[in-house]
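A.B. asks: sequence plus the predicted model coming up.
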Amino acid sequence: MKNLYKYNLTDAELKIKKEISKLKSDAGSHSPSIQTLSQLISNLDIKVDACFLSNPFATELFMKYFKRQILDADRFQDLLEFYPSQNKVIAQYFSKTIGVDAKNIFVGNGAVEIIQAIIHRFTKKRMVIIIPTFSSFYEFALDKVDIKYFTLKKSENFRLNINEYINFVKETKPDTIVIINPNNPTGSYLLQKDLTKILNELSFVENIIIDESFIHFAFEDDLYSEVTIAKMLEDNENLYIIKSMSKDFGIAGIRAGYALMNQVKVESLLKNGYLWNSNGLAEYFFRLYGTPQFVDEYKLVRMRYIQETQRFVSDLASVPNIKVYPSFANFVLIELPDTISSELVSFILLIRYGIYVRNCVDKKGLDGNYLRIASRDQKGNKLIKQALTNLFE
Ligand SMILES: *Cc1c(COP(=O)(O)O)cnc(C)c1O
């Protein structure tokens with residue numbers, strides 16, 4: 001009896017499920033935000049948003065500065081009333097922090113705008129995309145572009161098989177390839193040496209796009225030192241490195257991202273627009289990112305969150321009957337038993353436990369029963385583990 005209730009929805013729950021399904025289909029391949037959900041469905045009590053992938057400690061840090069320097073200093077009006085600085089000026093603010101010359105930085109209204117800008121301008125014929133992945137890369141491609149998919153294998157824990165990939169690209173002859181490192185939604189990570197090997201072997205590809213939006217959650221040493229492939233820019237004119245600030249800084253609403261690329265490419269994009277594409281808040285953020293004190297404090301919250309996340313991932317491994325995939329991102333991909341659909345589990349988690357997760361049924365290249373669960377603070381992560389244990393033990 002108990003088991004039956006576990007996986008059966010009551011009439012009231014079915015009603016909420018219907019409303020949520022409607023919102024989901026309106027949101028296309030992305031998930032409706034927690035604000036949209038709770039505004040439109042009144043009796044939904046969301047306790048943990050584990051769908052959106054952000055560092056909550058970094059949001060707090062940003063708010064601390066924002067309150068002191070803008071709100072309490074009565075400077076908010078300036079951000080709204082005046083034009084923000086131009087793209088090239090904003091690039092200068094944080095060029096030193098990331099150790100890249102400002103002439104190689106293109107600032108975007110979120111990374112999504114940059115993805116669109118790059119593939120619309122530079123991709124001519126054929127693109128190789130590794131799936132499962134962040135959908136904008138294939139959704140925004142122009143109709144004339146032929147997309148070839150390279151599918152990660154479950155039997156390899158969704159790690160990229162480097163030699164097979166290199167051979168595939170050599171045979172397919174695309175003008176553009178995209179690698180997301182760490183990958184969303186699998187969390188799998190390519191070591192810098194492997195990525196370097198790929199860049200060297202595939203140097204004939206005109207546009208090599210590396211999306212490092214989750215790179216701050218990855219590490220290769222015991223000190224959690226930040227990694228990036230940016231040092232390869234100098235010798236690789238075909239390289240584009242895209243970086244969203246939404247997740248690691250917990251500021252998706254501000255819309256801030258940047259891309260690193262050859263100066264000629266930056267000029268080519270700027271010639272066609274993007275002059276004032278950052279708003280006042282984004283400009284404020286990038287200015288902050290250029291100040292050593294903020295950067296030092298950010299390093300601490302980054303480290304704290306990585307530790308919490310890695311603990312969460314290994315904690316989940318003790319939940320019976322689910323498979324947890326290794327992750328170097330701030331979320332974890334889990335596979336559920338065949339007997340119960342991930343869609344139903346995501347509804348039950350939301351309606352009964354107030355936990356919002358990403359059900360992966362619609363993810364191209366991911367067949368089966370998967371959920372993507374973001375890591376939150378200790379309290380939120382505990383609730384997630386308890387709920388999953390209740391459901392699957
Ligand atoms: C979320 C995400 C983006 C988009 O980030 P925004 O800066 O919020 O537009 C880009 N790439 C990947 C891999 C993402 O997961």
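C.D. replies: Structure received. The model shown is predicted, which means the values in this text are computed figures rather than measured ones.

A.B. asks: identify the residue of the stretch 251-393 of the chain closest to the ligand, quick one.
C.D. replies: Nearest to the ligand, among the residues of the stretch 251-393 of the chain, is G257, at 3.9 Å (Cβ to the nearest ligand atom). (Each C-beta comes from the backbone N, C-alpha and C, glycine too.)

A.B. asks: quickly list what that residue is bridged to.
C.D. replies: Using DSSP bridges, the bridge partners assigned to G257 are G108, S244.

A.B. asks: my read is that it contacts G108, right?
C.D. replies: Yes: here G257 reaches G108: they are 4.5 Å apart, a contact under Cβ atoms under 8 Å.

A.B. asks: joint contacts of the two?
C.D. replies: I114 (Cβ atoms under 8 Å, 6 or more residues apart in numbering).

A.B. asks: what are the boundaries of the strands in the stretch 251-393 of the chain?
C.D. replies: Using DSSP state E, counting those that start in this stretch, the strands of the stretch 251-393 of the chain run over residues 257-260, 323-324, 331-335, 355-356, 358-359, 370-374.

A.B. asks: Three-state assignment for V128, please.
C.D. replies: strand (DSSP: H, G, I helix; E, B strand; the rest coil).

A.B. asks: run a quick neighbour tally on it.
C.D. replies: Applying other Cβ atoms under 10 Å, we find 22 other residues in the vicinity of V128.

A.B. asks: from E206, how far off is it?
C.D. replies: Taking Cβ to Cβ, to the nearest Å as the measure, V128 falls 12 Å from E206.

A.B. asks: shared neighbours of these two, anything?
C.D. replies: T176.

A.B. asks: and the helices in the stretch 251-393 of the chain?
C.D. replies: Using DSSP state H, counting those that start in this stretch, the helices of the stretch 251-393 of the chain run over 263-270, 280-289, 292-316, 342-353, 378-392.

A.B. asks: of G257 and G108, who's got more company?
C.D. replies: More neighbours surround G108 than the other of G257 and G108, with 27 against 23 (other Cβ under 10 Å).

A.B. asks: my read: the more buried one touches I118, true?
C.D. replies: No: G108 is beyond contact range of I118, at 9.5 Å (criterion: Cβ under 8 Å).

A.B. asks: what do the two both touch?
C.D. replies: In contact with both G108 and I118: A259, using Cβ under 8 Å, 6+ apart.

A.B. asks: for the protein, which spans come out with low pLDDT?
C.D. replies: Along the chain, segments meeting pLDDT under 70 span 1-5.

A.B. asks: switch to 80 and redo it
C.D. replies: Applying pLDDT under 80 to the chain picks out residues 1-7, 27-30, 38-44.

A.B. asks: please determine how far the residue nearest to S54 when sequence neighbours are not counted is located from V295.
C.D. replies: Excluding the flanking residues, the one nearest S54 by Cβ to Cβ, 6 or more residues apart in numbering is G250, at 4.1 Å. To V295, G250 is 15 Å away according to Cβ to Cβ.

A.B. asks: the more surrounded of these two?
C.D. replies: G250 (23 against 15).

A.B. asks: what does the chain put close to the ligand?
C.D. replies: Within the chain, the positions lying close to the ligand (Cβ under 6 Å from any ligand atom) are G110, A111, V112, F134, I180, N184, D211, S213, S244, S246, A252, G257.

A.B. asks: can I take it that the third one is in a strand?
C.D. replies: Right, the one you point to is V112. No: assessed with three-state DSSP, V112 is helix; it does not lie in a strand.

A.B. asks: OK, contacts around the closest residue to it other than its chain neighbours?
C.D. replies: Once flanking residues are discounted, V112 sits nearest to S136: 5.6 Å by Cβ to Cβ, 6+ apart. For S136, the contacting residues are V112, I115, Q116, by Cβ under 8 Å, 6+ apart.

A.B. asks: of these - the most surrounded one?
C.D. replies: Per-residue neighbour counts (other Cβ under 10 Å) across the contacts of S136 peak at I115, which has 26 neighbours.

A.B. asks: mind checking how far the nearest residue to K153 once chain neighbours are set aside is from I177?
C.D. replies: Nearest residue to K153, sequence neighbours excluded (Cβ to Cβ, 6+ apart): N161, at 7.1 Å. The gap separating N161 from I177 is 15 Å, by Cβ to Cβ.

A.B. asks: more neighbours, those two?
C.D. replies: Neighbours per residue (other Cβ under 10 Å) separate N161 from I177, with I177 holding more: 25 against 13.

A.B. asks: would I179 count as being in a strand?
C.D. replies: Yes: assigned with three-state DSSP, I179 falls within a strand.

A.B. asks: residues near the nearest residue to it once chain neighbours are set aside, how many?
C.D. replies: In space, and not counting its chain neighbours, I179 is closest to I210: 5.3 Å by Cβ to Cβ, 6+ apart. I210 has 25 neighbouring residues, counting by other Cβ under 10 Å.

A.B. asks: ramachandran angles for I210?
C.D. replies: Backbone torsions for I210, taken as degrees, to the nearest 10, come to phi -110, psi 120.

A.B. asks: now do the contacts for it.
C.D. replies: Contact analysis of I210 by Cβ under 8 Å, 6+ apart lists I179, I180, N181, L195, I229, L239, Y240, I241, I242.

A.B. asks: try it again at 6 Å.
C.D. replies: For I210, the contact set (Cβ atoms under 6 Å, 6 or more residues apart in numbering) comprises I179, I229, I241.

A.B. asks: closest to A58 out of those residues?
C.D. replies: Closest approach between these and A58, by Cβ to Cβ: I241, at 20.4 Å.

A.B. asks: so the closest one belongs to a helix, correct?
C.D. replies: No: per three-state DSSP, I241 lies outside any helix segment and is strand.

A.B. asks: distance check, it against the ligand.
C.D. replies: Counting by Cβ to the nearest ligand atom, to the nearest Å, the gap from I241 to the ligand is 12 Å.

A.B. asks: what about that residue, neighbour count?
C.D. replies: Counted with other Cβ under 10 Å, I241 comes out at 24.
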